[in-house]
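S.K.: Return a 3D structure for these sequence lines:
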Amino acid sequence: MKNMKNSKWFLLYFPVISIFLFVMIITAAPEKVSGDLYPKTIKNAMGDLYPQPIPTPTPKSAPPEVAKSIPTPKTIVTTKTSTPSPTKSTPAKTNTPSTTTKQAKTQPAKSSSSLTAPSLSTKTTTETSKASAVIATSKQYIGVKYVYGGTTPSGFDCSGFVQYVFAKHGINLPRVSRDQYNIGTSVSFSNLKAGDLVFFSLAKNGVVDHVGIFVGNGQFINASSSKGVTIYTLGSYWQSVFLGAKRIL
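M.R.: Okay, here's the model as predicted:
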């Protein structure tokens, strides 16, 4: 019975004693144990999994090839080709006299324009002379009485007086003031000149019913129903009924 009890206790203490001895062995020689646990398998495995690449030798012929490609003697050729460029620019000097000849050709054109200037002045002088002649003729009939439908010095209405004066100078005008308003060139009130025809709407309905001849200095001559042939100033009243002006001369 005692042997049986002793064997039970031995079985209980044996694993404890074996563990204690194993721990003592490990602490006593850690290098040997750690070296024996995974000795060479790790190195072989690392060598098999990640083999180091064999370094490829760099070619030594590369630097001398670069050194050979650096000196380019072609730059000397470009300097030679750039030298003949000034020779090409020399004919540009020969072109300068051609420009002077062109300028010389354009100069007589200015002289031709100067010739046209007196022709314009002659036109203006002839126009002013005609206008002055027309005005002088119209003033000869100042005091002639007003006659409705009159076209002679025995009696004038407004349009008959204008028609008669211009006919004396070879200019034929329509008989009625409304028709006279449809010829000639329109002129504004501020640009009136002697000899222009001035038209009025005495009824203030926009219809032409009176006409006269502008004599300058803000005045016009007409055959009025109250005074006959007379000169009026274009004052506020006449400006209020002014309808337009036409240039015949």
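S.K.: Quick check: which element contains F214?
M.R.: Using DSSP states H and E, F214 maps to strand 210-216.
S.K.: who's in contact with that strand?
M.R.: 134-135, 138-139, 158-159, 162, 165, 177, 180-181, 192-202, 220-222, 231-232, 241, 245 (C-beta atoms under 8 Å, 6 or more residues apart in numbering). Every C-beta, even on glycine, is put in place using the N, C-alpha and C of the backbone.
S.K.: list the helices and strands the helix or strand following it packs on?
M.R.: With elements assigned by DSSP H and E, the helix or strand that comes after strand 210-216 is strand 219-224. In terms of contacts (3 or more C-beta pairs under 8 Å, 6 or more residues apart in numbering; DSSP states H and E), strand 219-224 is packed against helix 91-139, helix 158-167, strand 210-216, strand 228-233.
S.K.: Mind listing the strands the third one pairs with, and their directions?
M.R.: Using DSSP bridges, the neighbouring strands of strand 210-216 in the sheet come out as strand 197-200 (antiparallel), strand 219-224 (antiparallel).
S.K.: Pipe these into TSV and attach distance to L249, mean pLDDT and mean neighbour count per row.
M.R.: TSV is the format used below for these (distance: least, C-beta to C-beta, whole Å; pLDDT from 0 to 100; neighbours: other C-beta atoms under 10 Å):
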stretch	distance to L249	mean pLDDT	mean neighbour count
strand 197-200	10	98	23
strand 219-224	15	98	22
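S.K.: Dump the ones you listed to a markdown table, plus distance to D209.
M.R.: Output for these, formatted as a markdown table (distance: least, C-beta to C-beta, whole Å):
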| stretch | distance to D209 |
| --- | --- |
| strand 197-200 | 7 |
| strand 219-224 | 12 |
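S.K.: Which of those sits closest to L12?
M.R.: Taking C-beta to C-beta, strand 197-200 is the member of the strands paired with strand 210-216 nearest to L12, at 149.8 Å.
S.K.: Dump that closest one to CSV, restricted to CA.
M.R.: Extracted in CSV, the C-alpha atoms of strand 197-200 (Å, rounded to 0.1, in the frame of the first residue of the first chain):
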residue,chain,number,x,y,z
LEU,A,197,-35.4,129.4,-101.3
VAL,A,198,-37.1,129.5,-97.9
PHE,A,199,-40.4,127.9,-97.4
PHE,A,200,-43.1,128.4,-94.7
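S.K.: element containing Y13, please.
M.R.: Judged by DSSP H and E, Y13 forms part of helix 2-28.
S.K.: Flag the shaky bits of this protein, pLDDT-wise.
M.R.: Applying pLDDT under 70 to the chain picks out residues 1-10, 27-123.
S.K.: Isn't T230 up against I142?
M.R.: Yes. The pair T230 / I142 is scored as a contact, 6.3 Å apart, by C-beta atoms under 8 Å.
S.K.: higher neighbour count, the two?
M.R.: The neighbour comparison of T230 against I142 (other C-beta atoms under 10 Å) goes to T230, with 15 against 12.
S.K.: So what pairs up with the more buried one in the strands?
M.R.: For T230, the beta-bridge partners under DSSP bridges are N222.
S.K.: Check the spacing between it and A223 real quick.
M.R.: Look at T230 and A223: by C-beta to C-beta, to the nearest Å, they are 8 Å apart.
S.K.: ok and the strand or helix carrying A245 relative to strand 219-224, angle-wise?
M.R.: Assigned by DSSP H and E, A245 belongs to strand 242-247. Angle between the axes of strand 242-247 and strand 219-224 is 110 degrees (criterion: axes from the mean of the first three to the mean of the last three C-alpha atoms, to 10 degrees).
S.K.: Quickly run through the sheet partners of strand 242-247, with directions.
M.R.: According to DSSP bridges, strand 242-247 forms sheet pairs with strand 185-187 (antiparallel), strand 197-200 (antiparallel).
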